[in-house]
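Q: Below are the sequence and a predicted model; questions follow.
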Amino acid sequence: MTTVRTLLTRFLRPTERGDPAAPAARADPATRLLRQYLSPDVAASLLEDPARAALGGQIVQVTALFADLRGFTGFAEDSSPSDLVEMLNSYHAVAVPCVLDNGGTIVQFVGDALLALFNAPVRQSDHATRAVRAALDMRDAVTAVAAREPHWPRFRIGLNTGHALVGNIGSELLRGFNAMGDAVNVAARLQTVAEPGQVVIGATTRDTVGADLVVSPLGDLTVKGRRQPVRAYVAEAFVSAMVRKAASGCSRTAAPTSHAQALTRPLALAA
C-alpha cells in the first residue's frame with residue numbers, strides 16, 4: 001500500500017495539481033506512464049483513501065456514456081490491424097479530451113468502444129449535464145475526423161442516468177474500476193440504437209438536464225435483453241436563453257449553423 005501511495009503522490013504532486021497545462025517534461029518517465037493508464041480521478045480517490053482499492057463498491061447515481069463505431073466489424077474485415085489501430089487512435093485522440101475536459105472518468109476501452117462515467121469517483125451535482133456536453137463535444141470532434149476520412153466508420157453515442165454499483169470489480173490479483181447496474185446497461189443499449197453521429201439519451205438524463213437541451217423524441221424503444229421499454233431522445237444541442245428565443249421565432253441570428261435545423265424543432269422541456 002505504501003508503494004501505491006508513493007506512486008499516486010508523485011502522480012498528483014502539488015506542483016501539477018490543478019494545472020492541466022503543466023509540461024509533461026516535469027514528470028519522470030514512470031509518472032508519465034502512470035498518467036496514461038490511470039484516470040486522474042481514480043488516482044486521487046485512491047490517494048485520499050487507499051482502502052477504496054478493495055473489491056466491491058457503493059450504490060451511486062451516475063451518468064454512463066458509451067460510444068462505439070457503427071460498421072467497425074465490416075471495416076475490420078477489409079483493413080489491416082495496423083490500419084484499425086490508426087483509425088481508433090485518431091478517433092480517441094479527440095474523443096478522450098471531450099470526456100476529461102467535462103470531468104468524466106474513462107473507465108475502459110473495449111475494441112472500438114469507450115465507456116465513461118460521470119459522478120464517479122468524483123461527485124458532481126451536474127453530472128448529467130456534463131455527460132451530455134461531453135457527448136456533444138465528442139460528436140462534433142469525431143465528425144470532423146470522419147470528414148477527412150469518409151471511408152472510416154462513424155461514432156454513435158448512448159447515455160443514461162441512474163443508480164449503479166460503482167467500485168472495483170475483478171479478483172484479488174487484478175481488478176478494475178467500473179460500474180454495474182441496469183442504468184449502465186441501458187446506456188449501452190441506447191448506443192446501439194443510435195445512428196452514426198447521433199447522441200441518444202434516456203429519459204432520466206433528459207429530465208435531469210432540463211430545458212437547456214434541444215432533443216428529438218424517439219418514443220419508447222424496445223432494446224435487446226430488456227423487458228421494459230426505454231424512453232429515448234436524440235440530444236441535439238445546448239441552447240442559451242438567446243438561442244431559445246431564436247428557436248421561438250423572435251430571432252434566428254444566434255443559432256449555431258451546425259444545429260440550425262435542430263433549433264427549428266420545438267423544445268422538449270423537462271416535466
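A: Received, thanks. What you see is a predicted model; the values in this text were computed from it and never measured.
Q: do you know how far Val193 is from Pro81?
A: 29 Å (C-beta to C-beta, to the nearest Å). C-beta here means a position set from N, CA and C on the backbone, and glycine is covered the same way.
Q: ok, the two, which is more surrounded?
A: Val193 (17 against 8; other C-beta atoms under 10 Å).
Q: got the contact list for the more buried one?
A: Residues counted as contacts of Val193 (C-beta atoms under 8 Å, 6 or more residues apart in numbering) are Gly158, Val200, Leu218, Leu221, Val223, Ala232.
Q: Identify, from those residues, the entry nearest to Ala179.
A: Closest to Ala179 out of those is Gly158 (14.3 Å), distances taken as C-beta to C-beta.
Q: tell me the contacts of the closest one?
A: Gly158 makes contact with 65-67, 187-194, 199-201, according to C-beta under 8 Å, 6+ apart.
Q: Return the set of buried residues in the host helix or strand of it.
A: Take DSSP states H and E as the rule and Gly158 turns out to sit in strand 154-170. Buried residues in strand 154-170, counted by 16 or more other C-beta atoms under 10 Å: 154-162, 164-168.
Q: ditto for stretch 197-209
A: Gln198, Val199, Val200, Ile201, Gly202, Ala203, Thr204, Thr205, Arg206, Asp207, Thr208, Val209.
Q: Give me the distance between the two termini of it.
A: 21 Å (C-alpha to C-alpha, to the nearest Å).
Q: Give me the contact list for it.
A: 63, 128-129, 131-132, 135-136, 139, 143, 146, 154-162, 183, 186-187, 190-191, 193-194, 213, 215, 218, 230-235, 268, 270-271.
Q: Quick check: the gap between Asn160 and Leu115.
A: 12 Å.
Q: Surely Thr192 forms part of a helix?
A: Yes. Judged by DSSP: H, G, I helix; E, B strand; the rest coil, Thr192 forms part of a helix.
Q: about what we covered before: among the buried residues of stretch 197-209, which are located in helices?
A: The helices, defined by DSSP state H, take in Ala203, Thr204, Thr205, Arg206, Asp207, Thr208, Val209 from the buried residues of stretch 197-209.
Q: CSV for those, including pLDDT and distance to Met87?
A: Output for those, formatted as CSV (pLDDT from 0 to 100; distance: C-beta to C-beta, whole Å):
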residue, pLDDT, distance to Met87
Ala203, 97, 33
Thr204, 96, 33
Thr205, 97, 29
Arg206, 97, 31
Asp207, 96, 36
Thr208, 96, 34
Val209, 95, 31
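Q: wouldn't Asp101 be in contact with Arg133 here?
A: No. Under the criterion of C-beta atoms under 8 Å, Asp101 makes no contact with Arg133, lying 9.2 Å away.
Q: neighbour count winner among the two?
A: Arg133 (21 against 13).
Q: Show me where the stretch 1-150 of the chain has its helices.
A: 2-11, 29-37, 40-48, 72-77, 81-101, 127-148 (DSSP state H, counting those that start in this stretch).
Q: re the thing from before, quick one, which of the contacts of Gly158 are buried?
A: Buried among these (16+ other C-beta under 10 Å): 65-67, 187-191, 193-194, 199-201.
Q: Take the residues you listed and lay them out in CSV including pLDDT.
A: CSV is the format used below for these (pLDDT from 0 to 100):
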residue, pLDDT
Leu65, 97
Phe66, 96
Ala67, 96
Ala187, 96
Ala188, 94
Arg189, 95
Leu190, 96
Gln191, 96
Val193, 94
Ala194, 96
Val199, 97
Val200, 98
Ile201, 98
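Q: Pick out whichever of those residues sits closest to Ile106.
A: For these, the nearest to Ile106 is Leu65 (9.6 Å; C-beta to C-beta).
Q: Could you find the closest non-adjacent residue to that closest one?
A: Ala116 (4.4 Å; C-beta to C-beta, 6 or more residues apart in numbering).
Q: wait, doesn't that neighbour sit right on Ile106?
A: Yes. If you go by C-beta under 8 Å, Ala116 and Ile106 touch, sitting 5.3 Å apart.
Q: Give the residues shared as contacts by the two.
A: Joint contacts of Ala116 and Ile106 (C-beta under 8 Å, 6+ apart) are Val99.
Q: more crowded one of these two?
A: Using other C-beta under 10 Å as the criterion, Ala116 and Ile106 rank with Ala116 on top: 28 against 20.
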